[in-house]
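Enquirer: okay, sequence plus prediction incoming.
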Amino acid sequence: MHLQGDDYSMNECSVLIGGKAGDGINLAGQTIARIFTSLGYYAYMYYDYPSLIRGGHNFSVIRASTHPIGTHRSGIDILLAMDPTTLRRHQNDCKRDALIIYNSDIVRSDVGSGIPLKRIVEKNEGSAVMENTAMIGALASAIGMEWEDFSSVLSHEMRKFTEKNREIARDAFQMQTEKKELKRLQQSPGILLSGNEAVSLGLLSAGLNGYIAYPMSPSTGILHFMAGASGDTGVQVFQPESEIAVITMAEGMAYAGAKAAVGTSGGGFCLMTEALSMAGMAEIPITIILAQRSGPSTGTPTYTAQSDLLFAIHAGHGEFPRFVFAPGDAQQAFEWAGHALSLSWQFQVPSILMTDKTLAEGLYTVNPELLADHVPFPLPDLKGKAEYHRYADTDDGVSLYASPPLSGSVIKGNSKSHDERGISIDDGMGLSSMTRKQMKKIPLMEEAVSRLNPVRISGNSDSDMCLISWGSNAPLCREAANIVGIKSVQPVVMNPFPEAELRAATSQSHMTVLLEDNYSGQLADICEAHGIPVDIRLPRFDGRPFTLDQLVEDIWGLAE
Amino acid sequence: MTKGLITDAQNTWCQGCGNFAIEHAIKDVIIRMEAEGTPREKIVLVAGIGCHGKIADYLKINSFYSLHGRAVSFATGICMANPDLHVICCVGDGDTYAEGIAHLLFAAKRNVNMTVLVHNNRVYGLTKGQVTPTSPREYHGKSNPYSSGEIAFNPLELLLSAGCSFVARGYTQRQDELTGLIYDGMAHAGFSYIDILQICASFLDKTEEYDGKVYAPDQHVPEDFDAACRLVREYSYGDSGKIALGVIFREEREPFHVGTPLLQQELADKKSFIMRFIDGRR
């Protein structure tokens, strides 16, 4: 990697842009992330917003780094204050030498560069939301971009009113004279993907046929993405009357042979649990995207949590096998969304893909070459076969899957206890052989996930200190472990639990620390139930993700 | 003659149960559809949970024995994925008018191409005689021995206001007419709903009352919505009024469809979308 620019310029940068809801802070953040990737940096964006449509305080933290990242930092290098609240709330987050750029039409400040965003937009007869564009223009100038380079990013990101946006950006670009330069790197780290986008693409890559969902933050992005793409992909996307309708409809699609997925958050998942249990009994392949948010109950819709792990593993009455996966970043989300869909069809069991608000709505830089091309799980060709029994017992417990029409045969699915033909039973012999048949799949499911590298290890493998995390905390812990020189361990598969792999990964550790976004330490409890000791639990339950700097500080404290 | 349409599962409906008439009416419709060129394997029956649901075990056709209240939404998924299938939904009155009412109204609103048969015996049979949304006001089961009684839903009026494009009422003691109605419902392009007054031999045997009240209106024009509304208001599932049988309302409306059905989808379209999306982000 070659760095350009003088030695005083930055090669790591955190920008915070804040404003009122409705100001387009999310989109502005994405454009800034895009500027960073165009300069050769890995970008990551954390987006923080309350659950409302207008007003309130939104902000994005966009971080640029020379190496792959999936977390933000506490020290801000450049603060972009669209409104007074942003300056008031975040001035203390700034590093001592930070640059502040503020909207001088409504913000008063003794320090930093004032840019009259409102007047620039008015002069160019733009709309209020274009104040963002002006702010981004000032930022591009401050970090030392050439106008042509910036202009091409802008045209790419702003497909509507491109010319007007460019004029507005140019005015601010020229007005901004204070500099805080960012080196240009000679590398192409990849493309920006949110967790929700990565989940969507992973499902599509594995041959998804239908996506059914009821709007619920933070899963809604998948519904919007899938609906927008449905014309191109052919995927049937539908929003019905409730989450109960969502999952029963999706299971009906699966009965008809369609690979269907649903997406929701905790409350919606609660409503789905009876039908989850039905998928267990009737052996219906179904993939559920569970994007966690703060709970219990309605909780805090737009803030993060990892408090549904035990629920996801145990949801639904009765006993039945299932997969539960928890990817940690966009690349893993793509990978495991595909696995979730295909494995649920391979074993005819439900699979649950857990994300959380941090992952679902965070923006990650992904090398597209590393996005595995999934091969959809093929369905058997049953033409000319002997009489079909939907639940025929087999060595591995998996019956051949067929959907109507199947000439000369009937396909009887059943949510009640049933015999091999799918006809209801209640005799003891029949019940126990049905349950044995369903449970026979579990050892094979364990084998299948153990081939997929279910526990990811990074950092210093010789260290006797080990940091375990899951979901969106994984990239944070990977980076923190690298800085501190310890080992980082991330189970991606939560059920069937990869006990052997996790034990092997942690057996040399004298101090095991487990970080998770819940109060009780749900993964820690699971680890300990499997005889894997967890010495220190680092719980967090304020809806906010850790920053890298906080965690590194905590670990240094523990290591002493 | 069963033409191999009845399984060997032991039938456990009570003697005199109205479910037998519905089972045989469906069987006769299938035989007729087959004779007219619809292969049996293209027919799917989805049942809810209750006495009615056992029909999924007894009829030897494609079936899915679903959850209480959820048959209609499950069936909607089947219709979406494969519009070439002929979907019959057998549901109970407790099942669909209580637990699953939302799905029924939404399927009607959407005009999903399925035929819903409500086995409306106006009482919970399998759980031993509790009150349902269409129980008569004076009905007292073990769960409401002292209640003053709620009024019953008039489900046909409810379905008419939900935009149902085919509303009919049958009666289990008129099996031939019932068979004709189910056939018409299956032939209707869109959502067809048939409320079937069903005798419950154990808990609510209204044979005598129904026999005295049912009639087939001879001047009724089912395409006339206002006339249909007047007709269903003649009987509000209380104890008075005449009970009109037959097709009460019918209109042509575009059936529900979503995107590209399963068999027309191409993996290549998804893969090329992914490539284009990634390239767009480069």
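Expert: Thanks, I have it.

Enquirer: for chain B, longest helix please?
Expert: Counting by DSSP state H, the longest helix found in chain B is helix B:19-35.

Enquirer: can you list contacts of that helix?
Expert: Under the criterion Cβ atoms under 8 Å, 6 or more residues apart in numbering or on different chains, residues B:1-3, B:5-6, B:13, B:40, B:43, B:45, B:51-52, B:54-55, B:58-59, B:61, B:86, B:88, B:90, B:117, B:119, B:170, B:172-173, B:175, B:178-179, B:182-183, B:186, B:196, B:198 lie in contact with helix B:19-35. C-betas here are computed from N, CA, C, even on glycine.

Enquirer: give me the residue from the stretch 101-250 of chain B nearest chain A.
Expert: residue B:106 (4.7 Å; Cβ to the nearest Cβ).

Enquirer: quick one: the host helix or strand of that residue to chain centroid distance?
Expert: Assigning secondary structure by DSSP states H and E places residue B:106 in helix B:101-110. A distance of 12 Å separates the C-alpha centroid of helix B:101-110 from that of its chain, computed with Cα atoms, centre = their mean, to the nearest Å.

Enquirer: how about the longest helix of chain B as CSV, C-alpha atoms only?
Expert: Listed next in CSV are the C-alpha coordinates belonging to helix B:19-35 (Å, rounded to 0.1, in the frame of the first residue of the first chain):
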residue,chain,number,x,y,z
ASN,B,19,-69.1,-32.9,8.0
PHE,B,20,-70.0,-36.1,6.0
ALA,B,21,-72.1,-34.1,3.6
ILE,B,22,-69.3,-31.6,3.0
GLU,B,23,-66.8,-34.4,2.6
HIS,B,24,-68.9,-36.1,0.0
ALA,B,25,-69.8,-32.9,-1.8
ILE,B,26,-66.1,-32.1,-2.2
LYS,B,27,-65.5,-35.6,-3.4
ASP,B,28,-68.2,-35.2,-6.0
VAL,B,29,-66.8,-31.9,-7.1
ILE,B,30,-63.4,-33.4,-7.6
ILE,B,31,-64.8,-36.3,-9.6
ARG,B,32,-66.6,-33.7,-11.8
MET,B,33,-63.5,-31.6,-12.2
GLU,B,34,-61.5,-34.6,-13.1
ALA,B,35,-64.1,-35.6,-15.7
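
Enquirer: tell me the SS of residue A:353?
Expert: Look at residue A:353: counting by DSSP: H, G, I helix; E, B strand; the rest coil, its state is strand.

Enquirer: ok, now how distant is it from chain B?
Expert: Taking Cβ to the nearest Cβ, to the nearest Å as the measure, residue A:353 and chain B are separated by 18 Å.

Enquirer: tell me the contacts of that residue?
Expert: Contacts here follow Cβ under 8 Å, 6+ apart; on that basis residue A:353 touches A:199, A:287-290, A:325-327, A:333, A:336-337, A:340.

Enquirer: once you drop chain neighbours, what's closest to it?
Expert: Distances taken as Cβ to Cβ, 6 or more residues apart in numbering or on different chains put residue A:340 closest to residue A:353, at 4.4 Å, once the chain neighbours are dropped.

Enquirer: isn't the one you found right up against residue A:326?
Expert: No - taking contact to mean Cβ atoms under 8 Å, the distance of 10.6 Å between residue A:340 and residue A:326 leaves them out of contact.

Enquirer: what is the burial count for the closest residue to chain A within chain B?
Expert: In chain B, the residue found nearest to chain A is residue B:77; the distance is 2.4 Å by Cβ to the nearest Cβ. The number of residues packed near residue B:77 is 31, by other Cβ atoms under 10 Å in any protein chain shown.

Enquirer: equivalent analysis for residue A:132, please.
Expert: By the measure other Cβ under 10 Å, the count of residues near residue A:132 is 27.

Enquirer: now swap in residue A:421 and tell me
Expert: Neighbours of residue A:421 under the rule other Cβ under 10 Å: 21.

Enquirer: mean confidence (pLDDT) on stretch A:375-382, please.
Expert: In this model, stretch A:375-382 has an average pLDDT of 90.

Enquirer: quick one: low-confidence parts of chain B?
Expert: Across chain B, residues meeting the criterion (pLDDT under 70) sit at B:1.

Enquirer: ok, which stretches of it are strands?
Expert: Shown for chain B, the strands assigned by DSSP state E span residues B:43-47, B:62-65, B:86-92, B:114-120, B:166-171, B:192-197, B:214-215, B:243-244, B:246-250.

Enquirer: just put the ones you listed in a markdown table and tack on mean neighbour count.
Expert: Shown next, in a markdown table, are the strands of chain B (neighbours: other Cβ atoms under 10 Å in any protein chain shown):
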| stretch | mean neighbour count |
| --- | --- |
| strand B:43-47 | 27 |
| strand B:62-65 | 30 |
| strand B:86-92 | 29 |
| strand B:114-120 | 29 |
| strand B:166-171 | 27 |
| strand B:192-197 | 27 |
| strand B:214-215 | 16 |
| strand B:243-244 | 20 |
| strand B:246-250 | 22 |
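
Enquirer: quick one: which of those is nearest residue A:471?
Expert: Set against residue A:471 and scored by Cβ to Cβ, the strands of chain B come closest in strand B:62-65, at 34.5 Å.

Enquirer: who does that closest one pair up with?
Expert: When sheet partners are counted by DSSP bridges, strand B:62-65 sits next to strand A:412-414 (parallel), strand B:43-47 (parallel).

Enquirer: next helix or strand past the shortest one?
Expert: Sequence-wise, the next helix or strand beyond strand A:412-414 is helix A:428-439, with elements assigned using DSSP H and E.

Enquirer: what subset of the contacts of helix B:19-35 is buried?
Expert: Neighbour counting with 16 or more other Cβ atoms under 10 Å in any protein chain shown marks B:5, B:13, B:40, B:43, B:45, B:51-52, B:54-55, B:58-59, B:61, B:86, B:88, B:90, B:117, B:119, B:170, B:172-173, B:175, B:178-179, B:182-183, B:186, B:196, B:198 as buried within the contacts of helix B:19-35.
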